[in-house]
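Colleague: predicted model, plus sequence, below.
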There are 2 protein chains.
Amino acid sequence: MAKKTKKTSDTVTLTSKDKKTLGSIRDLADGVVQSADRGRAPYVDIPSRSLSNVRFNQSKRIIEMGSGTNRRELFNLGQAKSYMQTLLVGSGCKRLIEQGKTTSIRGLFYLLKHTIEGASEETFDTQDECDPIIEDIEVSLDSMREELHLYAKNAGAMVGPITLVDSGDGIDCSRMGSGGYSIPSIVEPNIVQFKKNSAEFVLHVEKDTVWRRFNEDKFWREHNCILTHGGGQPPRGVRRMLHRLHYELKLPVYCLLDNDPWGYYIYSVIKQGSINLAYESRRMAIPAARFLGLRSIDYERCQLSPSVQIKLNDQDIKRARQIAQYPWFAHKKPWQKELDLMLKNGFKLEVEALISKDISYVTEEYVPSRLEEGNFLD
Amino acid sequence: MAKKTKKTSDTVTLTSKDKKTLGSIRDLADGVVQSADRGRAPYVDIPSRSLSNVRFNQSKRIIEMGSGTNRRELFNLGQAKSYMQTLLVGSGCKRLIEQGKTTSIRGLFYLLKHTIEGASEETFDTQDECDPIIEDIEVSLDSMREELHLYAKNAGAMVGPITLVDSGDGIDCSRMGSGGYSIPSIVEPNIVQFKKNSAEFVLHVEKDTVWRRFNEDKFWREHNCILTHGGGQPPRGVRRMLHRLHYELKLPVYCLLDNDPWGYYIYSVIKQGSINLAYESRRMAIPAARFLGLRSIDYERCQLSPSVQIKLNDQDIKRARQIAQYPWFAHKKPWQKELDLMLKNGFKLEVEALISKDISYVTEEYVPSRLEEGNFLD
């Protein structure tokens, strides 16, 4: 249609991480060539992402994948298509890395979707067909999605006495206005580098609306901390950011979440990793994170009004019982007590419920006294 | 529970806007007192937000509210509770403004929710009961939610050669890293002030994933524009920001949206305002905005692969026909042609579909040539 405008980048500088990832993709492809050369049927062994291949590592205190794999073969009618898709995703990521560009999983889908030559079949019919293959490639290459140059929707913000560099721009997170620094979905060291930090801990809150209260009250300034939120269940970028803040800057991470099964689950994911993404635990999970969220006991302790109770529904009750049985909560008495009391109460409490005491009760009394008393759940 | 820590702000400086809003709230309350003094039944007249009271203003080209009102009386069994709720929301907003604090609509709900003295009834049972009352107060006082110190979830980001001040912090939007400046939900002039701008137009894209492609390719630098996204249907903060950029800095606004009824609807809301929030059109709608989104003709014009077609479903077809009949599209031949062709095609196209040509086709060819040719829909 239009005249060709100049390309934005003619030469791409690959980072050492990029080179490593490209190496893994080449190894995957070499395996195919070698099989063919030897006259053998080409295959790929994909680490199994089923529940049966996930276990809780007691000493590291994170959810890990086991060593089970599934073989995917080209000359197997039931596997030929997914075999082809696997190599296609690998080649798409190779192309992204070589061009020094990133895209969304939706973008990769469109990049790879086409009618197979000489057939009426599509490489991928829907996004749902592409997403698990991306995860297969992640586990096979032991490369996080971000290292494959793929990004998720970004959500989450951060503010506090820390200066970082993001894509070459210096960012002073103490001077980012009311919205804060928007945490990107890729926060790997080649994109985000920490510079100066004087914060002593990280306070992670569940929702942006609560985060705004803390930011407006300049809680982070008074308590010298970094304040983050993840817009509910934190996306990968936020989890990875918390992980880096914790391990690289040695900052304790406290999580202010709701007193409900969803809040507990978010805590579980931040702390131990998620079952779905078990292969990423060691780069995302923070076993030393602490729960500073609302407690079932707070209803009495803070003398909250009955008006703030939200009745537990059947789904909540079911989820609470499941969470109580997670191996990482099962042997912890305080958590069992916590979950028991919530079930006995018959209601849940949102952090926003503290507003019924005073608009700034949560920032001026609740959290400061919890921090002072060291009143956390582990 | 804990010792009282010091309040974050003892003296609150009210802006002139705050004083005006407080004045309107006082007028509302004075009306009640006057009625009582005169021995008359107190009432509030609330501008009607029903569809029948919404009309398209042909000369201003925005959706406006008519002059219809509904009377809400204290001594009317069916209205007493909503009357009480109306005054309660007014007093809650008064408290927020006087304290110089803002909160979410969830926060206001908790602030106001309590058991009515001497009764077993709650002031509000659920959030759903509170939200329409907030809108009632907005229209009655002719004050936007933001002026009542209430905020919505924030979403959306911005990058480009513009410097602004947000809550006292200087923000250079050309140096905000990969995530950009997170557009807050309140961008009123008392919070956000524009300083230096050298951008010549605003390119608003629908999704953050597309926005990232443009940001990564530094499109805004090459084309000297401000690049925004609203995470789908843009929230109030983003619409208000676009409005201010357009009217205060005189920047044309181009919208890169999907070729589907949802994309058209987003355009309609940005341009003419929304039916639900008709009372806010004059502070949000941008009648001069232009549609630079994917066109039905692009499938042929850009020689896209059949693989990128997404079949229209029944809902899409129904929505497309509704949109064609909107008074602001009904007499526009290019829009009728556009919608007809989409229905005739039988498929929709996402902006991401352009990736099938090349990862950066959208930033390096598609948008530059559309801009150069002035190829917009009005």
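Modeller: Looks like it arrived, so ask away. Numbers count the residues shown, from 1 in each chain, chains lettered A, B, ... in the order given.

Colleague: stretch A:78-96 close to chain B?
Modeller: Yes: remark: stretch A:78-96 sits within contact range of chain B at A:95, A:96, by Cβ under 8 Å from any Cβ of the partner chain. Glycine gets a C-beta too; all of them are placed from N, C-alpha and C.

Colleague: which parts of that stretch are buried?
Modeller: For stretch A:78-96, the neighbour count (16 or more other Cβ atoms under 10 Å in any protein chain shown) marks A:79, A:82-90, A:92-96 as buried.

Colleague: now swap in stretch A:330-346 and tell me
Modeller: A:335, A:338, A:339, A:342, A:345.

Colleague: the second one touches residue A:296, doesn't it?
Modeller: Yes: with contact defined as Cβ atoms under 8 Å, residue A:338 counts as touching residue A:296 (5.9 Å).

Colleague: residues contacting the residue most central in space within chain A?
Modeller: When Cα atoms, centre = their mean is applied to chain A, the residue found nearest the centroid is residue A:236 (2.5 Å). Taking Cβ atoms under 8 Å, 6 or more residues apart in numbering or on different chains, we find residue A:236 in contact with A:145, A:146, A:152, A:185, A:277, A:280, A:284.

Colleague: could you redo the last one with a cut-off of 10 Å?
Modeller: With contacts defined as Cβ atoms under 10 Å, 6 or more residues apart in numbering or on different chains, residue A:236 is in contact with A:144-146, A:151-154, A:185-187, A:230, A:277, A:280, A:283-284.

Colleague: re earlier: nearest to residue A:304 among the buried residues of stretch A:330-346?
Modeller: Among these, residue A:345 lies closest to residue A:304 (Cβ to Cβ), at 11.1 Å.

Colleague: backbone dihedrals for residue A:64, please?
Modeller: phi -130, psi 160 (degrees, to the nearest 10).

Colleague: just to revisit the earlier point, what pLDDT does the residue nearest to the centre of chain A get?
Modeller: pLDDT, residue A:236: 91.

Colleague: before we move on, what about the one 4 residues further on?
Modeller: On the pLDDT scale, residue A:240 is placed at 96.

Colleague: list residues touching both of residue A:338 and residue A:296?
Modeller: Common contact partners of residue A:338 and residue A:296 (Cβ under 10 Å, 6+ apart): residue A:259.

Colleague: and the residue of the stretch 251-378 of chain A found nearest chain B, which of the three is it?
Modeller: Relative to chain B, the nearest point of the stretch 251-378 of chain A is residue A:369 (2.9 Å; Cβ to the nearest Cβ). Under DSSP: H, G, I helix; E, B strand; the rest coil, the three-state class of residue A:369 is helix.

Colleague: tell me how many other residues crowd it.
Modeller: 16 (other Cβ atoms under 10 Å in any protein chain shown).

Colleague: any idea how far it is from residue A:355?
Modeller: For residue A:369, the distance to residue A:355 (Cβ to Cβ, to the nearest Å) stands at 17 Å.

Colleague: confirm that residue A:315 sits in a helix.
Modeller: Yes: judged by three-state DSSP, residue A:315 forms part of a helix.

Colleague: filter the contacts of residue A:236 down to just the ones in strands.
Modeller: residue A:151 (DSSP state E).

Colleague: how close does residue A:84 get to residue B:189?
Modeller: To residue B:189, residue A:84 is 57 Å away according to Cβ to Cβ.

Colleague: all the strands of the stretch 101-250 of chain A, in order from the start?
Modeller: Along the stretch 101-250 of chain A, the segments classed as strands by DSSP state E, counting those that start in this stretch run A:103-104, A:150-151, A:157-159, A:162-166, A:169-172, A:181-182, A:192-197, A:201-205, A:225-229.

Colleague: can I get these in CSV including mean pLDDT and distance to residue B:104?
Modeller: Conversion of those to CSV gives the following (pLDDT from 0 to 100; distance: least, Cβ to Cβ, whole Å):
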stretch, mean pLDDT, distance to residue B:104
strand A:103-104, 93, 28
strand A:150-151, 91, 28
strand A:157-159, 95, 15
strand A:162-166, 97, 26
strand A:169-172, 95, 26
strand A:181-182, 92, 19
strand A:192-197, 97, 29
strand A:201-205, 98, 13
strand A:225-229, 98, 12
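
Colleague: export these as JSON lines, with columns for distance to residue B:204.
Modeller: Listed next are the strands of the stretch 101-250 of chain A as JSON lines, based on distance: least, Cβ to Cβ, whole Å:
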{"stretch": "strand A:103-104", "distance to residue B:204": "18"}
{"stretch": "strand A:150-151", "distance to residue B:204": "20"}
{"stretch": "strand A:157-159", "distance to residue B:204": "21"}
{"stretch": "strand A:162-166", "distance to residue B:204": "23"}
{"stretch": "strand A:169-172", "distance to residue B:204": "22"}
{"stretch": "strand A:181-182", "distance to residue B:204": "17"}
{"stretch": "strand A:192-197", "distance to residue B:204": "26"}
{"stretch": "strand A:201-205", "distance to residue B:204": "29"}
{"stretch": "strand A:225-229", "distance to residue B:204": "25"}
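
Colleague: which stretch among those comes nearest chain B?
Modeller: The nearest among the strands of the stretch 101-250 of chain A, by Cβ to the nearest Cβ, is strand A:162-166 at 2.6 Å.

Colleague: report the contact partners of residue A:110.
Modeller: By Cβ under 10 Å, 6+ apart, the neighbours of residue A:110 are A:103-104, A:124, A:127, A:130, B:304-305, B:307-308, B:350-357, B:359.

Colleague: what about the closest residue to residue A:326 other than its chain neighbours, how many residues nearby?
Modeller: The shortest distance from residue A:326 to any non-neighbouring residue, by Cβ to Cβ, 6 or more residues apart in numbering or on different chains, is to residue A:268 (6.4 Å). Residue A:268 has 22 neighbours, counted by other Cβ under 10 Å.

Colleague: what angle do strand A:201-205 and the helix or strand containing residue A:268 make with each other?
Modeller: Applying DSSP states H and E as the criterion places residue A:268 in helix A:261-272. In terms of direction (axes from the mean of the first three to the mean of the last three Cα atoms, to 10 degrees), helix A:261-272 departs from strand A:201-205 by 150 degrees.

Colleague: wait, residue A:323 touches residue A:267, no?
Modeller: Yes: using Cβ atoms under 10 Å, residue A:323 is in contact with residue A:267, at 9.5 Å.

Colleague: which of those two has more neighbours?
Modeller: residue A:267 (24 against 19).

Colleague: ok, now which ones touch the more buried one?
Modeller: A:204, A:206, A:255, A:257-258, A:289-293, A:323, A:329, A:335, A:377.

Colleague: measure it to residue B:281 for me?
Modeller: Where residue B:281 is concerned, residue A:267 sits at a distance of 43 Å (Cβ to Cβ).

Colleague: next one: residue A:171
Modeller: Distance from residue A:171 to residue B:281, by Cβ to Cβ: 36 Å.

Colleague: more crowded one of those two?
Modeller: A count of neighbours by other Cβ under 10 Å puts residue B:281 above the other of residue A:171 and residue B:281, at 26 against 22.

Colleague: could you list every residue that touches the more buried one?
Modeller: B:54, B:56-57, B:60-65, B:243, B:269, B:271-275, B:287.

Colleague: those residues of the stretch 251-378 of chain A touching chain B, which are they?
Modeller: Neighbours of chain B within the stretch 251-378 of chain A, by Cβ under 10 Å from any Cβ of the partner chain: A:298, A:301-308, A:310, A:350-370, A:372-373.

Colleague: about what we covered before: the residue nearest to residue A:326 contacts residue A:324, correct?
Modeller: No: between residue A:268 and residue A:324 there is no contact under Cβ under 10 Å: 11.2 Å.

Colleague: any common contacting residues for these two?
Modeller: A:261, A:335.

Colleague: what's the burial count for residue A:348?
Modeller: Residues near residue A:348, counting by other Cβ under 10 Å: 23.

Colleague: show me what contacts it?
Modeller: A:258-263, A:294, A:296, A:308-313, A:316, A:320, A:342 are the contacts of residue A:348 under Cβ under 10 Å, 6+ apart.
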